[in-house]
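# here is a sequence together with a model predicted from it:
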Amino acid sequence: EAKGRVRERKVRVTIAAMAKLLHQGIDYVEKASTTVQWPPIRLLLAYAVQHGLMIKLKDMESFYLCGNLNQENREIAMRQVQGFETAGKETWLCKILKGVYGLPHAGNLAQAKLAKTLETQFIRLTADDCVYVRPDIKIGQPGYAALGAHVDDMFCIGDEAGQSKIDEQLDKVFTVKTEYNPAVLTGVQLEYDEERGYAKFHMASYIEQMLEKCGMSDCNPLPIPLDPGIPKGPLPALGEEPADGWDILYLYQCLLGMLLWAAIKGRPDIMFAVCFLGRFASSAGKTQILWAKGVLRYLAGTKTWGLGYQRHNGPVFLQAASDADFAGDSRTSRSTSGLAVGYGPQFDPAAPANPAVGLIVGRSVLEREVASSTAQSETHAAHDAVEEIIWTRHLAAELGVTVDDPVRMHCDNAGVVKQASKQVNHTAAKHFRVAQAVVRQQANEGNIELVHLSSAKNYTDMLTKALTRPPYEIHRAQLMGPQAEFLG
């Protein structure tokens, strides 16, 4: 539940560890199964807010058991459950007919059953094969519905007629529990005010659990997650053994994993800090644990911050921004790139205190190759952002939203903006000309429009480096979108 309380407990029959003896290609054909990515869930929520659609969470009971072992899979048997043997047949084996928990291919079978159940009324997207939408119905038209499947949880948006179609299809095969305006989705809290036209993903309960687990419930909050002086100071050498032993390293890795989950799901404002901390996952000591606790202290003071989405009466657009910190990693001289793709009214650099764009995709990564110039690192960041724009446009189109206008993309490097409109054969840029060509092609085809933005107003700057408090708070407001407590 929203506060982390256990709603109910379940007992499941599972196949024992002998499942490791089952081999793909002999005992079963395929075991791969996927879950919906988080960006499509954010985009579905943004569309629901903008168009006033209903949101429901559907939980399918015993989802794996709905998958049937077909003729392509070899017959599998298991011993009877201890204490529940059939009298007089205690030594008999059970032939498995369903996707019992523990079978390597149980998830694949259940997912195939779901796709088969929905195929008569819904199409499966190519942008994400765990997202389904009613065909030939544009968003805003009567009967619209779309859903994202995360194992046995279905995040559904649509009007009343569209939601009825989802119920009609699922009820044919599955036993479904439906929750209207759910408070929690895969561990992330959701606030949705359909009438007001506002929604927010946040992780207040998860943060409180982290603080309690680390004995920091009463800690003093910090205004920023990472001091700007830390990345520029002395750091553990590459390949160095853990400074304070393996037990300390294990504690650090556990803390890092908890922070990483928060950064990915609903707190992109700590994304750079977590990216930086991840560079010491094999060599951290007590000093690095203090750095990680600094991120926790920041979260303690911003528990209710999250990704906000607000309805607007005027036109709304997909839009993006990218940035790079050239040679920002002092140990390897590799650059850090950041990007963001959002949905909302066109970003206004002149009004940083009035955030209105909801985040769909956010990323902070250490670039794989060492860049030899600012232009190269910025081009690689722009290239990554363009790839996300192409995918998001494709996703939006499949969801029934027409994206005719080029997606405006902000970049603070004048050279990258120039290359997007005009090919300049510069000898210093020949080793990254392919990335330049990709950006330029998308601009020429009208899929993107590159716009120059000063570094002081580029909110993706916070995804590439540690900032002082004033610029950090300005960029955070833009990246995280509107927060209900500040809307009035």
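Perfect, I can see it now. Note that the structure is predicted; figures quoted are calculated from it, not measured.
# now Tyr144: how far from Ala484?
Tyr144 is 26 Å from Ala484, where distance means CB to CB, to the nearest Å. (Each C-beta comes from the backbone N, C-alpha and C, glycine too.)
# repeat for Ala106
To Ala484, Ala106 is 40 Å away according to CB to CB.
# ditto for Thr304
9 Å.
# more crowded one of these two?
Set Thr304 next to Ala484 and count neighbours by other CB atoms under 10 Å: Ala484 wins out with 17 against 14.
# that one reaches Ala199, doesn't it?
No - taking contacts as CB atoms under 8 Å, Ala484 lies outside contact range of Ala199: 9.1 Å.
# what do the two both touch?
Here Ala484 and Ala199 share the contacting residues Glu191, Asp193, Gly308, scored by CB atoms under 8 Å, 6 or more residues apart in numbering.
# can you show me the helices along this protein?
Using DSSP state H, the helices found in the chain span residues 38-51, 106-118, 160-170, 204-213, 246-265, 271-277, 286-300, 374-398, 414-421, 433-444, 469-480.
# and the angle from the first one to helix 374-398?
Going back to what we said before, that points to helix 38-51. Going by axes from the mean of the first three to the mean of the last three CA atoms, to 10 degrees, helix 38-51 is angled at 60 degrees with respect to helix 374-398.
# repeat that for the second one.
Compare the direction of helix 106-118 with that of helix 374-398 by the same axes, to 10 degrees and you get 50 degrees.
# counting contacts, what elements does helix 106-118 pack onto?
The contact analysis (3 or more CB pairs under 8 Å, 6 or more residues apart in numbering; DSSP states H and E) places helix 106-118 against helix 160-170.
# what residues of the helix it packs on count as buried?
Going by neighbour count (16 or more other CB atoms under 10 Å), the buried part of helix 160-170 is Gly162, Gln163, Lys165, Ile166, Gln169, Leu170.
# what's the answer for stretch 98-118, then?
Quick answer for stretch 98-118 (16+ other CB under 10 Å): 98-114, 117-118.
# tell me where the model's unsure across the chain.
For the chain, residues meeting the criterion pLDDT under 70 lie at 1-5, 17-20, 71-72, 352-354, 424-428, 485-488.
# repeat that for 80
For the chain, applying pLDDT under 80 flags the ranges 1-8, 10, 16-21, 70-74, 350-355, 420-431, 484-488.
# which residue sits farthest out from the middle of it?
Distance from the C-alpha centroid of the chain, by CA atoms, centre = their mean, peaks at Gly88 (52.5 Å).
# how close does that one get to Gln80?
12 Å.
# equivalent analysis for Gln169, please.
35 Å.
# over to Asn108?
From Asn108 over to Gln80 the distance is 25 Å, taken as CB to CB.
# need the residue closest to the centroid of this protein.
In the chain, the residue lying closest to the centroid (CA atoms, centre = their mean) is Trp38, at 3.4 Å.
# for that residue, what are its contacts?
Trp38 neighbours (CB under 8 Å, 6+ apart): Ile264, Lys265.
# likewise for Tyr298?
By CB under 8 Å, 6+ apart, Tyr298 lies in contact with Pro221, Leu222, Pro223, Ile224, Pro225, Ile270.
# kindly recompute the last result at 6 Å.
Counting by CB atoms under 6 Å, 6 or more residues apart in numbering, Tyr298 makes contact with Leu222, Pro225.
# how much space between Phe432 and Thr86?
From Phe432 to Thr86 the distance is 68 Å (CB to CB).
# so between those two, which is more surrounded?
A count of neighbours by other CB under 10 Å puts Phe432 above the other of Phe432 and Thr86, at 19 against 9.
# how far away is that one from Thr175?
Distance of Phe432 to Thr175, given as CB to CB: 54 Å.
# try Ile360
Ile360 is 33 Å from Thr175, by CB to CB.
# and Tyr309, by the same measure?
For Tyr309, the distance to Thr175 (CB to CB) stands at 32 Å.
# out of those two, which sits in the more crowded spot?
Using other CB under 10 Å, the more surrounded residue of Tyr309 and Thr175 is Tyr309, with 29 against 12.
# residues in contact with that one?
Taking CB under 6 Å, 6+ apart as the test, what Tyr309 contacts is Leu45, Ala46, Val49, Ala199, Gly358.
# residues near the spatially closest residue to Asp27 that is not a sequence neighbour, how many?
The shortest distance from Asp27 to any non-neighbouring residue, by CB to CB, 6 or more residues apart in numbering, is to Arg74 (4.6 Å). Arg74: 13 surrounding residues under other CB under 10 Å.
# contacts only, for the residue nearest to Ala32 when sequence neighbours are not counted.
Among residues not flanking Ala32 along the chain, Asn108 sits closest, at 6.1 Å (CB to CB, 6+ apart). Asn108 is in contact with Glu30, Lys31, Ser33, counting by CB under 6 Å, 6+ apart.
# which of those are buried, as a PyMOL select command?
Only the buried entries of the contacts of Asn108 go into this PyMOL selection, using 16+ other CB under 10 Å:
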select buried, resi 33
